[in-house]
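[1] sequence first, then the predicted structure:
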Amino acid sequence: MKFNQSGFHEPFFSQAKDWLSESSLEGCVPGRVVLEHKRMYRVMTGEGEWLSSVSGSFDHMAVSRMDYPAVGDWVLVRKMPGEERGIIHRLLDRTSVFTRKVAGQQVEEQIVAANIDLVFLVMSLNADFNIRRLERYLVAAWDSGAKPVIVLTKSDLCEDPDVYLNQLDGIAYGVDAVPVSAVTGEGIDQVQEFLGEGVTAAILGSSGAGKSTLANRLAGHEIMDVQGIREDDAKGRHTTTHRELIPLAGGACLIDTPGMRELQLWDQGEGLESGFRDIEELADHCRFRDCTHKKEPGCAVREAVEEGRLPADRLESFFRLQREIAYIERKNDVRAQIAETNKWKQLTKQAKRKSRK
């Protein structure tokens, strides 16, 4: 990976140049986070790869998880004297970020990958194939700012891939879909064509979908452990347990991620519009601009369902994701209000303590 001007994408080079002109950042160099583990980061720089942590001032200024580095982030890091360790002082602005809600009941955003150009959405051509899950991935991918590409693995085990490919017609508008086989090599060259010099791609999908096998084929050698799937339900065993950025020989980078059986959306309203462009286009012809497509007269969306031009389960999926995003937005509003209240309480306490001195 290059760290000179020619290898630094804009706007990262301009940001780094501006920040490094500050005296407080003297001795810092640009680097990229390739691995994260419990607030420790493996950062690749032009001078080597260092295990790093954030500085005290960085930690003090951070408010939420989004303020901390993640795999794929560009940072400014200073090497500790006499050690192969570093201190991260600045996080450069992201050009894209793929996020999801953390698993469970906790309402918190989790960064899956940052500064990615492509998202390879991996799904195998067996019982793992789920069109509703793929809709979720597409919504999150569009919202991230990266370009989604659907990769359908294990084509050598599928008698008729067209059965699955035809299902994509109604949901994946303008998205490339590539059937691949790690056994025969089918489609691998086609996927490789997306990985030009300087391109960063994240590989996302459920466990056992073939993400690690795909990463190994794209890299040209084994970089990830792989395991088979359970024969009774075609579900996979977890192999990748962390996110890691892998530089490729041609100058591109891959970010392999742990398998996600369920992708819980975050605040991704814009991605919902892109992922359900067919419904958005139909809605332009509704009688009422604020039509909810439920019981209003003159609803072009409901009319399309009744006439068989729009699948009913497609519309129901749209409603379900819409409700999910609205729930997250309401929770975020409440959390923001509580955080603001606590902030002012803390400032008031500090002011009172100072006035007593």
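    Yep, it's here. Because the structure is a prediction, the values reported are computed rather than measured.

[2] tell me, what residue is most central in the protein?
    residue 98 (2.3 Å; Cα atoms, centre = their mean).

[3] what sits closest to that residue if chain neighbours are left out?
    Nearest residue to residue 98, sequence neighbours excluded (Cβ to Cβ, 6 or more residues apart in numbering): residue 144, at 4.0 Å. For glycine as for every other residue, the C-beta is placed from the backbone atoms N, C-alpha and C.

[4] A strand includes the residue nearest to the centre of the chain, no?
    Yes. Under DSSP: H, G, I helix; E, B strand; the rest coil, residue 98 sits within a strand.

[5] give me the residues contacting the helix or strand where residue 77 lies.
    Using DSSP states H and E, residue 77 falls within strand 74-79. With contact meaning Cβ atoms under 8 Å, 6 or more residues apart in numbering, strand 74-79 is reached by 12, 15-16, 19-20, 25, 27-33, 41, 43, 45, 47, 50, 52, 69, 85-92, 115.

[6] quick one, which of these are buried?
    12, 15-16, 19, 28-33, 41, 43, 45, 50, 52, 69, 86-92, 115 (16 or more other Cβ atoms under 10 Å).

[7] of those, which belong to helices?
    Within the buried ones among the contacts of strand 74-79, residues falling in helices by DSSP state H are 12, 15-16, 19.

[8] can you put those in CSV and add pLDDT and distance to residue 188?
    Formatted as CSV, these follow (pLDDT from 0 to 100; distance: Cβ to Cβ, whole Å):
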residue, pLDDT, distance to residue 188
12, 71, 30
15, 75, 35
16, 75, 34
19, 75, 39
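
[9] what would the residues you listed look like in CSV with distance to residue 313?
    Output for these, formatted as CSV (distance: Cβ to Cβ, whole Å):
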residue, distance to residue 313
12, 42
15, 45
16, 48
19, 50
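
[10] out of those residues, who's nearest residue 257?
    The closest of these to residue 257 turns out to be residue 12 (Cβ to Cβ; 21.9 Å).

[11] check contacts around the closest one.
    30, 74, 92, 115.

[12] what ranges do the strands span in the stretch 251-357 of the chain?
    Assigned by DSSP state E, counting those that start in this stretch, the stretch 251-357 of the chain shows strands spanning 253-256.

[13] got any ranges where it has weak pLDDT?
    258-274, 325-357 (pLDDT under 70).

[14] show me the helices in it, by range?
    Counting by DSSP state H, counting those that start in this stretch, the stretch 251-357 of the chain has helices at residues 269-275, 277-283, 300-306, 312-356.

[15] which of the residues in the second one are buried?
    Pointing back at helix 277-283 there. 278-279, 282-283.

[16] tabulate the residues you listed (TSV), appending distance to residue 294.
    What follows is the buried residues of helix 277-283, written out as TSV (distance: Cβ to Cβ, whole Å):
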residue	distance to residue 294
278	18
279	13
282	14
283	12
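
[17] centre of the chain versus stretch 52-72, how much separation?
    18 Å (Cα atoms, centre = their mean, to the nearest Å).

[18] how far away is residue 249 from residue 195?
    10 Å (Cβ to Cβ, to the nearest Å).

[19] of the two, who's got more company?
    When neighbours are counted by other Cβ atoms under 10 Å, residue 195 comes out ahead of the other of residue 249 and residue 195, with 20 against 8.

[20] and that one, that one's in a strand?
    No. Looking at residue 195 with three-state DSSP, it is coil, so not inside a strand.

[21] who's in contact with it?
    118, 201, 218, 248, 250, 252, 254 are the contacts of residue 195 under Cβ under 8 Å, 6+ apart.

[22] hmm, try it at 10 Å
    117-118, 120, 201, 218, 248, 250-254 (Cβ atoms under 10 Å, 6 or more residues apart in numbering).

[23] likewise for residue 124?
    Counting by Cβ under 10 Å, 6+ apart, residue 124 has contacts 151-155, 157-158, 164, 180, 205-206, 208-211, 229, 234, 236.

[24] list only buried entries from those.
    So, by 16+ other Cβ under 10 Å, the buried ones in the contacts of residue 124 are 151-155, 158, 164, 180, 205-206, 208-211, 229, 234, 236.

[25] what residues does residue 144 make contact with?
    94, 96-99, 112-114, 116, 119, 202, 268, 271.

[26] kindly reformat these as CSV containing distance to residue 295.
    Shown next, in CSV, are those (distance: Cβ to Cβ, whole Å):
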residue, distance to residue 295
94, 42
96, 39
97, 38
98, 36
99, 34
112, 38
113, 41
114, 42
116, 41
119, 37
202, 41
268, 26
271, 27
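
[27] which one of those residues is nearest to residue 186?
    residue 119 (21.4 Å).

[28] so the closest one sits against residue 140, correct?
    Yes. Judged on Cβ atoms under 10 Å, residue 119 makes contact with residue 140 at a distance of 8.3 Å.
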